[in-house]
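*Asks:* Provide a 3D model corresponding to the input given below.
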Amino acid sequence: MAIDDDHLTTHFGRIWPAHVEALTELLIQLRQQFDGDLDLMLILGIIGTRTQPARLASAMTYAQFTAHDRPTPVSRPINIQSVAECSGIARETVRRKVGRLENMGLVTREANGNLLVTPQATGELTPSTEASLRYMAVMRKHYGNEGQHS
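*Replies:* The predicted model follows:
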């Protein structure tokens, strides 16, 4: 979907409040899911973009995403240093938080140091995934098809 800046600025008074309210609800859910540590969520999200790249997930339904027997995607490697560079979080902090994500069963580390989101993460993070879907639904409702170009 292409975003037309003129559309956003013209309808700002309708779109912005809906965005702030829905985003706040999403952040509250994420904060609860990650025991108040949004950096954990950010690090997991960065690792997840490598584990389930958008180009591989584009044809996936939500039911396929949540299926326990879904095939493991071919991931691009990412390690602690790469997460630190991408996020702007100090390398040592990323290392500690990745350890916590490993203890939570959400991330695994391969022998070569590459990080992967575990299949267990899908089930455990269902409340956060559904909160993200609600956020997207609100944005779609308030932004709708008006901003799309043919």
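
*Asks:* tell me the buried residues in stretch 105-125?
*Replies:* Buried residues in stretch 105-125, counted by 16 or more other CB atoms under 10 Å: 106-108, 114-118, 121-122, 125. C-betas here are computed from N, CA, C, even on glycine.

*Asks:* local confidence estimate at residue 74?
*Replies:* Listed pLDDT for residue 74 reads 57.

*Asks:* try residue 150
*Replies:* Predicted confidence (pLDDT) for residue 150: 34.

*Asks:* hmm, residue 80 is touching residue 94, no?
*Replies:* Yes - using CB atoms under 8 Å, residue 80 is in contact with residue 94, at 5.2 Å.

*Asks:* ok so, going back, which of the buried residues of stretch 105-125 sits closest to residue 31?
*Replies:* The closest of those to residue 31 turns out to be residue 125 (CB to CB; 13.3 Å).

*Asks:* hey, where'd the strands end up in this protein?
*Replies:* Using DSSP state E, the strands of the chain run over 107-109, 115-117.

*Asks:* residue 33: how many residues sit nearby?
*Replies:* 20 (other CB atoms under 10 Å).

*Asks:* actually residue 103, not the one I typed
*Replies:* Neighbourhood size, residue 103 [other CB under 10 Å]: 9.

*Asks:* output the contacting helices and strands for the longest helix along the chain.
*Replies:* What stands out as the longest helix in the chain, according to DSSP state H, is helix 12-33. Here helix 12-33 touches helix 38-51, helix 126-143, going by 3 or more CB pairs under 8 Å, 6 or more residues apart in numbering; DSSP states H and E.
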